[in-house]
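Chemist: A structural model of the following input is requested.
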Amino acid sequence: MADVLSQSEIDALLKQLSTGELDADEIVDEPAVKIKDYDFARPAKFSKEHLRTLEIIFENFGRLVSSNLPAYLRKNVQIDVMNSEAVTYSEFSNALSNPVLLGIVNFAPLNGNILIELASNLGFTIIDRMLGGLGDPLDKPRDFSEIELSVLERIFTVLVDLLREPWENVVEIHPRLERIETNSQFAQIISPSEMIAIITINMSIGTVEGLMNVCLPFMTLEDIMDKLNTKYWFSTMQSKDSENYVEFIETAINKAQIPIRALLGRSSIAVMDFINLQVGDIIRLDSHMDDELDVYVGNIVKFKALPGSGAENYAVKVTEIIREE
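Modeler: Residues are numbered from 1 along each chain as shown. Purely as a prediction, here's the structure:
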């Protein structure tokens, strides 16, 4: 509190002002105390530090999605974390369109669920790719059928499983997809006035772009809020042993299925002869019985082999390994 002036001090100050010894403009008032408005309807439960840490976690999640999802969709997938914000659940739910793709995820061992919202155009693109199409979205949105939801459930399960690694520096979670809702009214997982953190992610599947929003209620993260800071996150990062990654990659490659075929020979015939082929006709090849065969791995010749049989099946015996590309 400022000191109270005596009457003599007040008289002296007025005299200096009247004689010009003191300029009133030079008197600088003490800066006013800055008052920050507090909205009791939207209590600030998520600080900027919390939101920044969540962005880092989901940037790691995005890198995992970009490297894993193309194996299912056979198309390039790009993920960019756009922003994070804290809002009430009612604001989030009121902004949802119909139909909507909402994955309700059990975030065990934490309390409650989280939501993963996927744009409808991305949903139809995923369905089209999974069923052998080019990945084109629909011109007019419509409701998803039960079969389409079953296809999308597989992709949502992949996304949910990829959440484990980014969160392991904060808490060990075991997320599980409970169900997919297409109507936001059936996804009231918390009170409308409850605060949530929303991570907005831009997803590109080929040339199709859309948003994926991850809704994280405060009540779900309440027990680990003290760990949601960058200092704790970086201090608990486990050093990854490169040899373990090499072993993991080698194990994954060893289990990969690759096509292999042996070429007996080639021949050219007229279209008329091809049309008139009958059972028992002979097609002459450009190779001899004792010639080595070309064995293809994919579209690359990798081995030379001799034809034969084994266990009552046709077989080839490798005679040479071709190491050139």
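Chemist: Which residue ranges of the chain form helices?
Modeler: 7-19, 48-68, 70-73, 89-94, 120-130, 146-161, 164-167, 218-221, 230-235, 242-254, 271-275 (DSSP state H).
Chemist: Pick the most buried one from the ones you listed.
Modeler: helix 120-130 (a mean of 22; mean count of other C-beta atoms under 10 Å). Every residue, glycine included, has its C-beta placed from N, CA and C.
Chemist: Give me the angle between that one and helix 146-161.
Modeler: 100 degrees (axes from the mean of the first three to the mean of the last three C-alpha atoms, to 10 degrees).
Chemist: for the record, mean pLDDT for helix 120-130?
Modeler: For helix 120-130, mean pLDDT rounds to 88.
Chemist: who does it touch, helix- and strand-wise?
Modeler: helix 70-73, helix 146-161, strand 195-205, strand 208-217 (3 or more C-beta pairs under 8 Å, 6 or more residues apart in numbering; DSSP states H and E).
Chemist: in the sheet, who's paired with Gly103?
Modeler: The bridge-partner assignment for Gly103, based on DSSP bridges, gives Ile116, Ile180.
Chemist: what's the domain layout of this protein?
Modeler: 48-253, 260-321 (automatic domain parsing).
Chemist: any idea how far Asn121 is from Asp11?
Modeler: The gap separating Asn121 from Asp11 is 78 Å, by C-beta to C-beta, to the nearest Å.
Chemist: typed the wrong thing, it's Arg52
Modeler: In terms of C-beta to C-beta, Arg52 sits 57 Å off from Asp11.
Chemist: Can you pull out the low-pLDDT segments for the stretch 151-300 of the chain?
Modeler: 230-245, 248 (pLDDT under 70).
Chemist: let's see 50
Modeler: 238-241 (pLDDT under 50).
Chemist: Provide a list of residues in contact with the nearest residue to Leu152 once chain neighbours are set aside.
Modeler: Closest residue to Leu152 apart from its sequence neighbours, by C-beta to C-beta, 6 or more residues apart in numbering: Gly123 at 5.9 Å. For Gly123, the residues meeting the contact criterion (C-beta atoms under 8 Å, 6 or more residues apart in numbering) are Leu101, Phe144, Glu148, Leu152.
Chemist: Can you tell me which of those is nearest Met203?
Modeler: Each of the contacts of Gly123 was scored against Met203 by C-beta to C-beta, and Leu101 proved nearest at 12.0 Å.
Chemist: Quick check: that closest one touching Ile180?
Modeler: Yes - counting by C-beta atoms under 8 Å, Leu101 does reach Ile180; the two are 6.5 Å apart.
Chemist: ok, back up a step: generate JSON lines for the domains of the chain, with distance to Ser18 as supplementary columns.
Modeler: Output for those, formatted as JSON lines (distance: least, C-beta to C-beta, whole Å):
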{"stretch": "domain 48-253", "distance to Ser18": "52"}
{"stretch": "domain 260-321", "distance to Ser18": "100"}
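Chemist: looking at those domains, which is closest to Ser6?
Modeler: Using C-beta to C-beta, the nearest of the domains of the chain to Ser6 is domain 48-253, at 47.6 Å.
Chemist: Just give me how far that closest one sits from the chain centre.
Modeler: 6 Å (C-alpha atoms, centre = their mean, to the nearest Å).
Chemist: Out of the helices and strands packed on helix 120-130, flag the one nearest Met130.
Modeler: helix 146-161 (5.1 Å).
Chemist: Show me what that closest one is packed up against.
Modeler: Using 3+ C-beta pairs under 8 Å, 6+ apart: helix 146-161 touches helix 70-73, strand 101-106, strand 113-118, helix 120-130, strand 176-181.
Chemist: Tell me how many other residues crowd Val171.
Modeler: Using other C-beta atoms under 10 Å, Val171 is surrounded by 14 other residues.
Chemist: correct me, but it touches Leu110?
Modeler: Yes - here Val171 lies in contact with Leu110, judged by C-beta under 8 Å, at a distance of 7.1 Å.
Chemist: list residues touching both of these two?
Modeler: Ile224.
Chemist: would a markdown table of the helices of the chain with distance to Lys304 be doable?
Modeler: Listed next are the helices of the chain as a markdown table, based on distance: least, C-beta to C-beta, whole Å:
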| stretch | distance to Lys304 |
| --- | --- |
| helix 7-19 | 108 |
| helix 48-68 | 36 |
| helix 70-73 | 32 |
| helix 89-94 | 63 |
| helix 120-130 | 38 |
| helix 146-161 | 41 |
| helix 164-167 | 44 |
| helix 218-221 | 61 |
| helix 230-235 | 54 |
| helix 242-254 | 24 |
| helix 271-275 | 30 |
